[in-house]
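**Student:** Return a 3D structure for these sequence lines:
(chains A, B and C, ligands or ions: 2)
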Amino acid sequence: MTGYIVSRLIQTLVTIVGISVVVFFLARLSGDATALLIPPEATAEDREALKESLGLDDPLPVQYGIFVKGIITGDFGDSFRFGEPALDVFLDRFPNTLKLAAASAVVALLGGVSVGVLGAIRAGGFVDRLTTVIALLGQAIPSFLIGIMLILFFAVELRWLPTSGMAGPKTFIMPAIASAWYSMAALTRMTRSSMLDVMETDYIRLARLKGVPERAVIWKHAFRNALVPILSLFSLQIIFFVSGSVVIEQIFAWPGIGQLTIQAIFSRDYPLVQTIVFVTSTFLVLLNLGVDLLYAVIDPRIRLA
Amino acid sequence: MTTSPASTVTAPKAGDTPLIELLNVTKVYTVRAGGFRGQGRQLRAVDGVSLSVPAATTLGLVGESGCGKTTLSRLLLRQEPPTTGEVRYAGKNVWSMGRGGQKDFHRQVSAVFQDPYSSLNPRHRVREIVTEPLMVNSGMSRHDREEKLQSLLSDVGLPPAAAGLYPHEFSGGQRQRIAIARAIALNPGLVVLDEPVSALDVSIRAQILNLLKELQERHQIAYVFIAHDLAAVEHMSDQMAVMYLGALVEYAPVEGLYGNPLHPYTKALLLASQPPQPGKMSLEAPLSGEVPSPLNLPSGCRFRTRCPIAEARCAELSPQLREVRPGHYVSCHLVN
Amino acid sequence: MERDNYWTRNMRRRIGRRGFLQTSGVAATGLAAAAAFGCGSDDDDETTTATATGTASATGTATGSATGTSTASATAAKPAGSIKVSVATLQEQSASPFFQTGGLSSPIYFHAYEGFFGGDLAAKSTPRLALSMEQPEPTTITFKLRPGVKFWDGTDVTAEDIKWSFDAYVGNNPPAPPSAKIKNSVTSVDITGTDTITIKFKTPVVFQMEEMGVTGVSRGWPVSSRAHYEKVGAEGFKSQPMGTGPFAVKENKVGQYIDLVANELYWNKAWVPRVQNVRLNIVPDQQTRIAQIKTGEADIIEGIIGPAAETLKNESSIKIVKTDNTAQMTVRFQDLWDPATTSVQKDPRFREAMKLAVDQESIAKNLLKLGAPGPDILVFPNSTGYDANMFKPLKRDVAKAKDLIKQAGAEGQEFRLGSYSSSSYPMIPEIMQAYASFWKEIGINTKIETKESGAYFTDFQAKTPRGLGPISFPNFSNGGILLVTYYKKGGAYATTDNDDEIQALIGKLETEIDPKAQEELIKQGLKLAYDKHYFIAAPYVESQWAISSKIKSWERQAGLPYVNSLQTVTL
Ligand SMILES: Nc1ncnc2c1ncn2[C@@H]1O[C@H](COP(=O)(O)OP(=O)(O)OP(=O)(O)O)[C@@H](O)[C@H]1O
Ligand SMILES: [Mg+2]
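**Tutor:** Numbers count the residues shown, from 1 in each chain, chains lettered A, B, ... in the order given. Ligands and ions are numbered 1, 2, ... in the order given. All right, here's what the predicted structure looks like:
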């Protein structure tokens, strides 16, 4: 087990270093930052002056060195657009994304798993067919449409919920559903098929033969074993939630990092782009590490592998 | 369609009512033949089988792959309802017994399956696996369960420490021992063994078979032993049943069947299983041709399409299982 | 007609009647005031396109009088009530006066801060913190400061504050991008009297007036309080800034909203806000903004375009308010960037044909569902040098276009057609598709290549693409700067680099300091571009806002710096 953890830690570290390189150079591939920062009537000298003040006139390796040093000291530079430390700008938004991600993840997981399990234990029945239809709809209807439909119905028609923004718990409901929608459908399908697979196995048959109550058969035997593919799909979905959905944030005016990322990329706010991508990726890599270690706990087979 | 009369096979007298019996049981699956909305076709996986398992003896069940052995075992184990016919436990229809009867059934009937990997929940420790039947079906205290667990483990030849380990920490043979320990945990009257050693290394098959035999003697358990390996069946069984395409074609005490097989299919099977003997060449490939699809059974005798001695009447009349010698049943027009 | 037409009328007014700031010591106040008032009645005959679907303003007369000390006919009642405004973006994200990154439409800047002079959308600049200015020599400007101006906290604005603000602005780290330009052109800022500030420039270029906010809509540098800065510290200042504008910043939740509160001490009583509290919420999605005005979560919403506006027309309690000519788009002949090109784009007949093939009318009516056809040059009706008679939008004429294509021998040729999505001009990709089919009709094929806007601009500025490419602009009124920026050789978005005639004219313009002569030169330059068919236009578009019945009136007064200044919203 310790060997496993150590090797995973080393892998993680290597990944993070890789990310720093990719992030740095990709940000610079998007074009000249000053082209968008400066008024069009500016002269070439104005542009050079701006470049110099932003540190963009140094050779790339030097800039990269500064970036890496910044990572270590926690100084990611100032955002060109916000005039604040990029890390602050990012950290101002990231919790909002995480909160919504958590809400979405809960909705997706609870919804997907319960509907999927229901479909599996009533395989072929009405509930199952309904489940299949829901799952198909979930994957066919784009989330922005769901979002707008939710707003029109719950906010404009019924006046139950506020249209947008992030304030109380109420404001989480619609964005969480809309952003969980696709994942929920995928999880439903995965849960259903994974459960059906497991329900076919001999140990389920034997448990039933021995008179184990059906509820215990489903949750204790079947579900726990169906969980691994569900969790690995779920951890992929988490990546989407944590990266922040531009569409959902746009529709629900959610102050998360999705919009921030797009704006930063479009305006070539290198420090901000670097910070967002690096910190988010690192967060996800660490999350992934956590999930892997969790797997090892859930699935005894992985521990020794 | 062919159905054998329910009364053809009766339990060899062991005194009391057999624990489990099948009365003219047929299992038909409806399979969708490709495409969507393709109308269902009828697959007769088990066709008019009557059987009973005498107490503390072993009934061997052989037949080619796909002939319905596993389906038969599922019917026995009350995991599938028969399409027609009746499965009885202690003289009562298993599909209409009350809660008490069901509880009893869970205690008395048990199984070991072929695949030692899929038959043990990978997420449970040996302790949970083996004692789960006890938890569900007996009011044993934790302490008693632990004691029972240890005695079961030693019964099947596993060290006490095995209790705390997960299935993946064992070899195939050891896993099968765990499965056996679970199967006998409640001192059952009948254990269905569906190819219990097929998935194992040849070198350890004998150990497991001997273990099973030993346990049978010690605990007076009846077995239904399903296998491909005729030698193993011979070694294990008292009675023997040969299946072909869902139906029984021959049923006899093991010495009778091996010493004097009557059905051409049984003969062919035995011939095929014998190691080639120098100087004694068989003149024909005993089992030529494909097994017909169970979706589309031949008319008359279901074996006639591959039978070396088939005659015209075999295509018309379906042979019935009849007792040609005491305790020896066969279904063939050409045997007398 | 009266009031709400003002805006349109004003924009359509010819520059001839507008004062162009005299640089030779004329007190600007009077001039600007005259300009602002001068628009009273003489333009009424110029009919306007429907400006306001719902009348946003109530009374007529206060409009022109907004400037300075002359009159204050608007009643300065105590500000009361609060409104919520949903905007697509707040441009600049920071509330700090020294880090304003927005372009021309900068709601925070224009509501909270000001410089010496301030322009409005009609390119009239009016004195703000300055009372007047002088230009004793080409490289020097002296501002006389307006007495009695107070910061939000009631303290007086001093010449020291102004000089300190300059240093703080150009020295801000990271730099506000527009500050690079000021920093580069200014040699010194000196206090030359208790109420005078003198600025020396490196070069005697007329257009630096723009930077000082003396002309056009630029703003010089924002002025803040040194004492306050020192009290709250550099960090505190970012969230608790100080300014002189009609609204004070109460709270700025970057990326979510900014809360503004009326500044009752504002020096121009006519522009003291009527509403006490204003929250500007960032709601990027138009559909959501529309939902908000329906549910009452917003009282004013910005940026209603296309079919979405139609759905609001049925709502009796919601009105749509328009501001005309907020943006223009033109398609350029990019083969001309190569001086040695042999492309048929060099043939004026080809270029004319391409203009004639396009049906702006139908684009405005059927696709955009807003806007009006414009002339095929880059200019706005409110720009210096614009002449409605001279620069008429072309009527579509397919037969003539085909004929010209034949004469030019261009039948069947294919060009790359760039495309991108702009924040200032709606539906560019859709319009490019429509244009492609117009040109197909006259036998010219195009291959549309869509890029993300940043990459698109970079390429455009590098002048690397060939073929045809659209580019959009928000309203820009200083015709001189328009020419220098968008027509002059080497200009970032110029495609007339290789036309010697136009370049020679711009050369003259750059050294001409007489406004009358300047205007004449600008007009000539535009005429050249118009006659030589360098641009293919798309309709001028307006910006549409929706207001709820809670808003009694919303005058769009002359002189207000920002097209959607909220001072005049009345509940
Ligand atoms: N649930 C089911 N639905 C449809 N057909 C089935 C089902 N279960 C079994 N069958 C079919 O019934 C027939 C008998 O299958 P069964 O598994 O009982 O054979 P078997 O004798 O155990 O074979 P093997 O030796 O390979 O284990 C096969 O043709 C099989 O395809
Ligand atoms: Mg089988």
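**Student:** Please count neighbours and contacts with C-alpha atoms only from this point.
**Tutor:** OK.
**Student:** ranges for the helices of the stretch 351-500 of chain C?
**Tutor:** C:360-362, C:398-408, C:428-441, C:453-462, C:479-486, C:500-511 (DSSP state H, counting those that start in this stretch).
**Student:** Let's have the ones you listed in JSON lines, adding mean pLDDT.
**Tutor:** Compiled in JSON lines, the helices of the stretch 351-500 of chain C are given as follows (pLDDT from 0 to 100):
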{"stretch": "helix C:360-362", "mean pLDDT": "93"}
{"stretch": "helix C:398-408", "mean pLDDT": "95"}
{"stretch": "helix C:428-441", "mean pLDDT": "95"}
{"stretch": "helix C:453-462", "mean pLDDT": "78"}
{"stretch": "helix C:479-486", "mean pLDDT": "77"}
{"stretch": "helix C:500-511", "mean pLDDT": "87"}
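**Student:** Could you double-check that B:Asp115 lies in contact with B:Leu193?
**Tutor:** No - the criterion here is CA atoms under 8 Å, and B:Asp115 misses it with B:Leu193 at 11.2 Å.
**Student:** more neighbours, those two?
**Tutor:** B:Leu193 (25 against 21; other CA atoms under 10 Å in any protein chain shown).
**Student:** near chain A at all, the strand or helix carrying the more buried one?
**Tutor:** Here B:Leu193 sits within strand B:190-194, counting by DSSP states H and E. No - using CA under 8 Å from any CA of the partner chain, strand B:190-194 stays clear of chain A, coming no nearer than 11.2 Å.
**Student:** Equivalent analysis for stretch B:91-98, please.
**Tutor:** No - applying CA under 8 Å from any CA, one finds stretch B:91-98 separated from chain A by no less than 12.6 Å.
**Student:** show me the contacts for the residue of the stretch 51-200 of chain A found nearest ligand 1.
**Tutor:** In the stretch 51-200 of chain A, the residue that lies nearest ligand 1 is A:Glu200 (10.1 Å; CA to the nearest ligand atom). With contact set as CA atoms under 8 Å, 6 or more residues apart in numbering or on different chains, A:Glu200 has no partners.
**Student:** what about it, distance to A:Leu206?
**Tutor:** From A:Glu200 across to A:Leu206, the span is 11 Å (CA to CA, to the nearest Å).
**Student:** repeat for B:Val224
**Tutor:** B:Val224 is 16 Å from A:Leu206, by CA to CA.
**Student:** Could you check the pLDDT of the residue lying closest to C:Leu129 once chain neighbours are set aside?
**Tutor:** Using CA to CA, 6 or more residues apart in numbering or on different chains and skipping residues adjacent in sequence, the residue nearest C:Leu129 is C:Phe116, 4.5 Å away. Residue-level confidence at C:Phe116 comes out at 82, pLDDT.
**Student:** Next: C:Pro241.
**Tutor:** 93.
**Student:** and if you look at A:Thr97?
**Tutor:** So A:Thr97 comes in at 92 (pLDDT).
**Student:** So is stretch B:122-140 next to chain A?
**Tutor:** Yes - against chain A, stretch B:122-140 shows contacts by CA under 8 Å from any CA at B:122-123, B:133, B:136-137.
**Student:** Roughly how far does the residue nearest to A:Gly55 when sequence neighbours are not counted sit from A:Val277?
**Tutor:** Nearest residue to A:Gly55 in three dimensions, chain neighbours excluded: A:Gln63, at 7.7 Å (CA to CA, 6+ apart). Plainly put, A:Gln63 is 17 Å away from A:Val277 if you go by CA to CA.
**Student:** Which one of these two is surrounded by more residues?
**Tutor:** A:Val277 (20 against 15).
**Student:** check contacts around that one.
**Tutor:** With CA under 8 Å, 6+ apart, A:Val277 has these contacts: A:Val23.
**Student:** Quickly find the element holding it.
**Tutor:** Applying DSSP H and E, one finds A:Val277 within helix A:270-298.
**Student:** Just the mean pLDDT for the longest strand seen in chain C, thanks.
**Tutor:** The longest strand of chain C (DSSP state E) is strand C:318-333. Throughout strand C:318-333, pLDDT has a mean value of 85.
**Student:** one step back: for C:Ala270, see how far away the residue nearest to C:Leu129 is.
**Tutor:** 18 Å.
**Student:** tell me the domain boundaries of chain C?
**Tutor:** C:6-75+C:96-246, C:326-542 (automatic domain parsing).
**Student:** Quick check, central residue of chain C?
**Tutor:** Nearest residue to the geometric centre of chain C (CA atoms, centre = their mean): C:Asn475, 4.0 Å.
**Student:** Give me the pLDDT for it.
**Tutor:** pLDDT recorded at C:Asn475 is 74.
**Student:** again with C:Pro204
**Tutor:** The predicted local confidence for C:Pro204 is 65.
**Student:** now do A:Ile298
**Tutor:** Reading off the model, A:Ile298 has pLDDT 71.
**Student:** Ok, C:Glu210 next?
**Tutor:** The model's pLDDT for C:Glu210 equals 55.
**Student:** do C:Thr8 as well
**Tutor:** 28.
**Student:** Could I get the average pLDDT for the helix or strand hosting A:Val6?
**Tutor:** Using DSSP H and E, A:Val6 maps to helix A:2-29. Across helix A:2-29, pLDDT averages out at 83.
**Student:** Help me see whether that helix makes contact with chain C, please.
**Tutor:** No - if you take CA under 8 Å from any CA as the test, helix A:2-29 misses chain C, and the best it gets is 10.0 Å.
**Student:** For that helix, name the packing helices and strands.
**Tutor:** helix A:60-73, helix A:270-298 (3 or more CA pairs under 8 Å, 6 or more residues apart in numbering or on different chains; DSSP states H and E).
**Student:** most packed of those helices?
**Tutor:** The highest mean neighbour count among these, using mean count of other CA atoms under 10 Å in any protein chain shown, belongs to helix A:270-298: a mean of 20.
**Student:** Can I get the longest strand of chain C in CSV, CA atoms only?
**Tutor:** Below are the C-alpha coordinates for strand C:318-333, written out as CSV (Å, rounded to 0.1, in the frame of the first residue of the first chain):
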residue,chain,number,x,y,z
ILE,C,318,-41.7,46.6,-20.7
LYS,C,319,-40.4,49.2,-23.1
ILE,C,320,-37.5,49.1,-25.5
VAL,C,321,-35.2,52.0,-25.7
LYS,C,322,-32.7,52.5,-28.5
THR,C,323,-29.5,54.3,-29.1
ASP,C,324,-28.7,54.6,-32.8
ASN,C,325,-25.5,53.9,-34.6
THR,C,326,-23.6,52.4,-31.8
ALA,C,327,-21.5,50.2,-34.1
GLN,C,328,-20.6,49.7,-37.8
MET,C,329,-19.1,46.8,-39.7
THR,C,330,-17.3,46.9,-43.0
VAL,C,331,-15.8,44.2,-45.2
ARG,C,332,-12.3,44.9,-46.4
PHE,C,333,-10.3,43.9,-49.5
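**Student:** quick one: that strand to chain centroid distance?
**Tutor:** Mean-position distance between strand C:318-333 and its chain equals 11 Å (CA atoms, centre = their mean, to the nearest Å).
**Student:** And stretch C:151-161, by the same measure?
**Tutor:** Taking CA atoms, centre = their mean, one finds the center of stretch C:151-161 at 29 Å from the center of the full chain.
**Student:** Endpoints of it, how far apart?
**Tutor:** The straight-line separation of the ends of stretch C:151-161 (CA to CA) is 10 Å.
**Student:** neighbouring contacts of that stretch?
**Tutor:** Contacts of stretch C:151-161 (CA under 8 Å, 6+ apart): C:145, C:148-150, C:191, C:194-197, C:223-226, C:242-245, C:248, C:263, C:265-266.
**Student:** picking up where we left off before, for the helices and strands packed on helix A:2-29, give me JSON lines that also has distance to ligand 1.
**Tutor:** What follows is the helices and strands packed on helix A:2-29, written out as JSON lines (distance: least, CA to the nearest ligand atom, whole Å):
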{"stretch": "helix A:60-73", "distance to ligand 1": "59"}
{"stretch": "helix A:270-298", "distance to ligand 1": "31"}
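**Student:** of these, which approaches B:Thr266 most closely?
**Tutor:** helix A:270-298 (49.2 Å; CA to CA).
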